[in-house]
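Q: Mind folding the following:
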Amino acid sequence: MTPFGAKLRTLRAGRGETLKDMAAALDVSPAYLSALEHGKRGVPTWYMVQRIIAHFNVIWDEAEELQRLAEESDPRVTVDTAGLDPAATELANLLARKIAGLSKKSLEELIHRVRAAAAKDDV
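A: Next up is the predicted model:
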C-alpha cells in the first residue's frame with residue numbers, strides 16, 4: 001500500500017463509504033480504486049487527485065497533504081545516481097537491497113532523517 005492509498009482508505013472508511021460507492025461517485029471502476037488504494041497503480045493524475053479532494057470536500061492542509069502523498073506514492077521508484085557523489089549510488093543500492101526488511105519504525109526514522117538532511121542542505 002502506498003501513502004496515498006492508505007490516506008484514501010482512511011478517508012473512505014471514515015465516511016463509511018464502500019469502494020463501489022466511491023468509484024461510482026468518481027466515475028472510475030471499483031477495481032481501479034482498489035488498485036490505487038493497494039499501490040498496484042502508479043501515481044494518480046493531478047486531475048484524479050483533485051476529483052478525490054472535491055469528493056471528500058477537504059480544503060487547505062488536508063488537500064495539500066493528499067497532493068503531496070500522491071506525488072510520493074509511486075510504488076516502482078527508479079533512482080538515477082549517474083553523475084552524483086559515489087555515496088549517493090551506495091545509499092540508493094543499500095536501500096534497494098534492505099528496504100523490505102526494515103521495520104515501520106526504522107522506515108519512519110529514515111524518512112525523518114532524509115527530510116531533515118535535505119532541509120539543512122537546501123538552506
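Q: what ranges of this structure fall below the confidence cut-off?
A: Residue ranges of the chain with pLDDT under 70: 123.
Q: Break it down into its structural domains.
A: Domains of the chain are assigned by automatic domain parsing as 3-71, 86-122.
Q: right, and those domains - which one's nearest residue 77?
A: domain 86-122 (9.1 Å; C-beta to C-beta). The way it works is simple: take the backbone N, C-alpha and C, and place the C-beta from them, glycine included.
Q: out of the domains of the chain, deepest packed?
A: Mean neighbours per residue, mean count of other C-beta atoms under 10 Å, is largest over the domains of the chain for domain 3-71, with a mean of 16.
Q: Report the distance from that domain to the chain centre.
A: Per C-alpha atoms, centre = their mean, to the nearest Å, the displacement of domain 3-71 from the mean C-alpha position of its chain is 11 Å.
Q: what about it, how long is it end to end?
A: 10 Å (C-alpha to C-alpha, to the nearest Å).
Q: Just put the domains of the chain in JSON lines and tack on distance to residue 79.
A: Putting the domains of the chain into JSON lines (distance: least, C-beta to C-beta, whole Å) gives the following:
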{"stretch": "domain 3-71", "distance to residue 79": "16"}
{"stretch": "domain 86-122", "distance to residue 79": "4"}
